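**Student:** okay, here's the prediction I keep looking at, along with the sequence it came from:
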Amino acid sequence: MTTISREDDNDRYTFAANMSNLQESGCLSIQIQNHIIALFYHNSNVYAVDNRCPHMGFPLNQGTVKDGILTCHWHHARFDLNSGGTFDQWAGDVRSYPVEIRNENEIWVDVSSASFADVKSDYQVLFQNGLRQNIQLMIAKAVIAIRQGYESGIDNSDSGLLNAFRIGVDFGTHFKQSGWGQGLTTLTCMMNIMPYLDAHDRPHALYHGLCAVAQDCASMPPRFEVSPLPEPWPELAMLKRWFRQFIESRDSQAAERCISTAVRLGANSQQMADMLFAAATDHRFIDVGHTLDFTNKALEALDKLGWENNKTLVESVLTSLVPGYATAERMEESSSWRYPIDIVTMLENAFKELPRVLENGKRIREKRTLTLQQETKEGNNDSDKGTNPNQNWGMNGRDRNEVVAVLLGDNPQSIVNTSLDRLSQGTTEEELARVACYAAALRITQFHTRNEFSDWDATLHTFTFANAVHQGLRRIATPELLRGVFDAAMRIYLNRFLNIPAATIPNRSTDDKTNDAKAILKELAELFDKQQRVNEAGQLVADYLYAGGNPRQLMSVLGQLLMREDRNFHSIQMIEAAYRQYSLLANEEDGNNSARVHVLLAASRYLAAHSPTMRSQGRTYQIATQLYHGEQLFE
């Protein structure tokens, strides 16, 4: 900053150095309070800047000043020496400090301007630049600054993370022409995983999600939204019908206009979900399950951000899904779904039976409810189910195990018939979806490492698709979305060869060390430093859980291990879906402990198969953390 000569005393300023010493050397590194400052003498003026390059902390006093530009020799970032502004956006601005010259030879510097409010404002700019230019270090710095108060625990400062999530969603839906994709799905997954993490790990999760959005949008043309139809608007039922027709003919713009109009019409979250899920299940297992999973994540993102008073964001998010619908591969076009058994025709015949079996199942549930109410009124009720309207009437634990065995079998017609039969006997759509999801998880739990490595993803896609169907049916149970349960069941059938031979599901080890839960978690983290320790990781998780270890602590550690690795979209999907399923299983009244263990076994085995990576992204986050807390990286 240009020097100012003043004689009046100002308590904000601190003596820094003598002018004669600075003139002699040209540059001095000094410490004032907790600030390491570089003083420069250039063109008869004195300048003071933070001595740490904002890029990666290299000492700027070892840089060079020429024509008013300070260049850091580490990565050649250039800064205006007067303001600290950078000419290289990937670096970020360096903080500059006001300078006064007193008594002709004394240099005084004001470091009070480095308030947190100013820093936070600076990092908001850094955050936007990081997203726009796909610079992970910028995003890491911004996230860490936004969540400055996380050390104190879960408090209102979490709203900063939610605001960053909102900015990321808004950015991702506007700056990628092809719409909602892996980046925004990763971001939403990370937000869903956050509650299972320790407070200090949550900014790290958000960092990964936001970086995924920036990477997904990098070098992509922006998306220009299609305007809604002019008023008067048609009824929602007609818009839904049109939307499905346009997706059928792969007319993306016409379909998008239907969604935009439905939002403007005032359709609520359930109505919009119904409209989207219907089109997403008009064809079989489209885009290997991604389309339905992306839809579910978009809806969950809006749940977090709020549907009310956010119509512009709702419209942007939901219309961003449409390009994926219109271009998705349909399994009717896949030989594996047609030969040697025509699974598609088999399912189409089953779907014709759905209205009848659903009506019959509804009558049975109503009859059972009336019976229990009467028994309760007469004092003769010995059932432990009570009259909770949210309970599942169709299957007990033994019944569920029988259905799982059929789903894991090798007879697709039997799978279809059993599913229809259970629905007809009163099983709810949501419960059948839950059972299918568990069966899909078992394919991963029993995945044998003799298979090709890429086959992990075949089982992964089935599980995440089944989870999306399950979450969707918990939101709104429709006959159209129910078709997704049958699609998931057929994928479980098609994946059967990946369990031949089936990997053994581990029981509790007899080793005495399995009683030390903390030691098991430490060993698990060390195991993930080695390649392909899949079975060993599964055994450690089984030891921990069967020894009475805290599942939440295990989930927190698995989350840390996930974030320690470089981002893998499928690994993030796996952990998020497993955590959601575990939480739902934990709420079951009959306490299906083995199922909960199996789901976490699936998560740990998949993650172990994809570890370790180069871990470069974690190193970037570590550097940002050190810089934010003022640590010296090079001294």
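**Tutor:** Right, received. Where do you want to start? Numbers count the residues shown, from 1 in each chain.

**Student:** in this structure, which strand is the longest?
**Tutor:** As assigned by DSSP state E, the longest strand anywhere in the chain is strand 35-42.

**Student:** what's the next helix-or-strand element following it packed up against?
**Tutor:** Downstream of strand 35-42, the next assigned helix or strand under DSSP states H and E is strand 45-50. If you count contacts as 3 or more C-beta pairs under 8 Å, 6 or more residues apart in numbering; DSSP states H and E, strand 45-50 packs onto strand 35-42, strand 96-97, strand 99-102. (C-beta placed from N, C-alpha, C; glycine too.)

**Student:** give me the contact list for the first one.
**Tutor:** This means strand 35-42. By C-beta atoms under 8 Å, 6 or more residues apart in numbering, the surrounding residues in contact with strand 35-42 are 16-17, 19, 22-23, 26-31, 46-52, 59-61, 65, 68, 70, 81, 97, 107, 109, 111, 114, 632.

**Student:** among the residues you listed, name the ones in helices.
**Tutor:** 19, 22, 23 (DSSP state H).

**Student:** for ChimeraX, write a command that selects the buried ones of the residues you listed.
**Tutor:** Listed next is the ChimeraX selection for buried residues among the ones in helices among the contacts of strand 35-42, using 16 or more other C-beta atoms under 10 Å:
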select :19,22
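
**Student:** now, which of the ones in helices among the contacts of strand 35-42 sits nearest residue 614?
**Tutor:** Lowest distance from residue 614 to those (C-beta to C-beta) belongs to residue 22, with 43.6 Å.

**Student:** cross-check the contact I'm expecting between the closest one and residue 105.
**Tutor:** No: with contact defined as C-beta atoms under 8 Å, residue 22 does not count as touching residue 105 (9.9 Å).

**Student:** I'd like to know which helix or strand in the chain has the lowest mean pLDDT.
**Tutor:** The weakest-scoring helix or strand in the chain, judged by mean pLDDT, DSSP states H and E, is strand 4-5 (a mean of 50).

**Student:** give me the helices and strands touching the host helix or strand of residue 362, please.
**Tutor:** Here residue 362, judged by DSSP H and E, is contained in helix 343-378. Under the contact criterion of 3+ C-beta pairs under 8 Å, 6+ apart, helix 343-378 touches helix 412-424, helix 479-494.

**Student:** re the thing from before, wait, which of the helices and strands packed on strand 45-50 is closest to residue 134?
**Tutor:** Short answer: strand 96-97, nearest of the helices and strands packed on strand 45-50 by C-beta to C-beta, at 27.1 Å.

**Student:** so what strands line up beside that closest one?
**Tutor:** Strand 96-97 sits in its sheet next to strand 45-50 (antiparallel), going by DSSP bridges.

**Student:** give me the angle between the partner strand and strand 35-42.
**Tutor:** Per axes from the mean of the first three to the mean of the last three C-alpha atoms, to 10 degrees, the angle that strand 45-50 makes with strand 35-42 is 150 degrees.

**Student:** how much space between residue 194 and residue 558?
**Tutor:** As judged by C-beta to C-beta, to the nearest Å, residue 194 and residue 558 stand 14 Å apart.
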